[in-house]
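S.K.: This is a predicted model, with the sequence first.
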Amino acid sequence: MDAEPRASSSVGAPARVFSGIMPTGTLHLGNYLGAIVHWVRLQQVHPSLFSVVDLHAITTPIDPSLLREKIREVAALLLACGIDPDLATVFVQSDVPAHAELCWILNCLAPVGRLERMVQFKEKAGQQRENENVGLFDYPVLQAADILLYCGQPPRPVLVPVGADQRQHLELARDLARRFDLRFGPVFAEPIAAVAETGARIMGLENPLKKMSKSGSNPGDVIALLDPPDAVRRKIKRAVTGPGREVRFDQSQPGLFNLLTIYQLLSGQSRAEIESHFAGKGYAALKSELAELIGAVLTPIQDRYHDVRSNPDYLAEVLTDGAERARRESSVVLEAAKRAVGLG
Ligand code: AMP
Ligand code: TRP
């Protein structure tokens, strides 16, 4: 994590850890390795909140009954991956109205030009910008509100563990915190992005030039956390490696590099250990061992997921309790922001 030294030395311990995940598509190995494994680790060390960001999810069209199901699926998967509701607060964003309220206040400081340059907006809106909904345009301001609500009073930076694709959104959140404080006094602290050195951008299996993504059109690019072992084997077998034979961490072969990165993160071995383990063996050996390794990590997650889903009362209780905690914690900052602006 490139941000952790700063978080612990120059600015003191963060107020809290906050991160969010959208209840759209299926959670995949990129979400797990780029974000969730870090959440599981950080919840042991800092007060943490993890949100299923359903208000963000409706910025692109989604069927209401599917959304309702996805919210539960994602929350259950977070628990199955090791987020512990006794340590961390797990909640659904729309259960905490402060997020939308602070978003509105920040909207009144956010420059349109800045939002127009957001890469995610440009990618999602494509050629249809004029017809795009305002929610998609405003998405990063809502994300800034999500984060800044948990800086506490007096303000301390929130640590935000995310994949590399969220860096630009975090910069905007920092900028909005600065702008607000300059104009109205010290209510927020600039949040800190925690982006891991390895695994912050897991790539597609068949197209390793594109990141593995929930909304990707080719299922062959994505290992879903709920994929059964035979699907994992099939997808890894079809993964692009590139020319050559040697199993080496070679940046010029993005497909091979990506498979090895996944292997490295899941096995906990060093690059040198992995290269020497596969010396003299070919890509087929790498693929078959990698598929086994992924299966060994996913199977217990899937077992826990099915346990959680078989007990809907438990999940509902976790989310109700999480929402209450998040409402309590966020209300302090929301009230301070409203007072500073002259509201209420
Ligand atoms: P999303 O799927 O956009 O809701 O992302 C949830 C979290 O997973 C965010 O922190 C993302 O940065 C992270 N993430 C998404 N895709 C990847 C990927 N391919 N590699 C690493 N991290 C990812
Ligand atoms: N935009 C993030 C993503 O696509 C999801 C998100 C919403 C988030 N609010 C957040 C991430 C606050 C971190 C902090 O992955």
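M.R.: Sure, I can see it. Numbering: from 1, shown residues only. Ligands and ions are numbered 1, 2, ... in the order given.
S.K.: Burial check on the residue in the stretch 151-300 of the chain that ligand 1 sits nearest to, number of neighbours?
M.R.: When distances are taken as C-beta to the nearest ligand atom, the stretch 151-300 of the chain approaches ligand 1 most closely through Gly163, which lies 2.4 Å from it. All C-beta spots, glycine's among them, are computed from the backbone N, C-alpha and C. One way to gauge burial is a neighbour count; for Gly163, by other C-beta atoms under 10 Å, it gives 21.
S.K.: Enumerate the residues of the chain near ligand 2.
M.R.: Within the chain, the positions near ligand 2 by C-beta under 6 Å from any ligand atom are 18-20, 22, 53, 56, 143, 146-147, 160, 162, 166, 169.
S.K.: which ones are touching Tyr150?
M.R.: Listed by C-beta atoms under 8 Å, 6 or more residues apart in numbering, the contact set of Tyr150 reads 15-16, 18, 49, 158, 329-330, 333.
S.K.: Break this structure down into its structural domains.
M.R.: Per automatic domain parsing, the structural domains of the chain span 5-201+312-341, 219-307.
S.K.: close to ligand 1, is the shortest one?
M.R.: Okay, so that is domain 219-307. No - legend: contact between domain 219-307 and ligand 1 by C-beta under 6 Å from any ligand atom is lacking; minimum distance shown is 8.8 Å.
S.K.: Run the chain-centre distance for that domain.
M.R.: For domain 219-307, the distance between its averaged C-alpha position and the chain's averaged C-alpha position is 21 Å (C-alpha atoms, centre = their mean, to the nearest Å).
S.K.: So for that domain, mean pLDDT?
M.R.: Averaging pLDDT along domain 219-307 yields 96.
S.K.: can you check stretch 138-148 too?
M.R.: 98.
S.K.: Other residues contacting that stretch?
M.R.: Contacts to stretch 138-148, defined as C-beta under 8 Å, 6+ apart, come from residues 18, 20, 51, 53, 55-56, 59, 93, 99-100, 102-103, 105-107, 110, 115, 118, 120-121, 158, 160, 168-170, 172-173, 176-177, 188, 191, 333.
S.K.: What is the longest helix anywhere in the chain packed up against?
M.R.: Criterion DSSP state H: the longest helix present in the chain is helix 312-341. Under the contact criterion of 3 or more C-beta pairs under 8 Å, 6 or more residues apart in numbering; DSSP states H and E, the helices and strands touching helix 312-341 comprise strand 48-52, helix 64-81, strand 88-92, helix 98-107, helix 167-184, helix 283-309.
S.K.: returning to that earlier point: quick one: which of the contacts of Tyr150 is nearest to Asp307?
M.R.: Comparing the contacts of Tyr150 against Asp307 with C-beta to C-beta picks out Leu49 as the nearest, at 23.5 Å.
S.K.: What residues are bridge-paired with that closest one?
M.R.: Phe18, Thr89 (DSSP bridges).
S.K.: surely it meets Arg327?
M.R.: No - in this structure, Leu49 is not within contact of Arg327 by C-beta atoms under 8 Å, at 11.3 Å.
S.K.: of these two, who's got more company?
M.R.: Using other C-beta under 10 Å as the criterion, Leu49 and Arg327 rank with Leu49 on top: 26 against 15.
S.K.: quick one: pLDDT of that one?
M.R.: The predicted structure scores Leu49 at 98 on the pLDDT scale.
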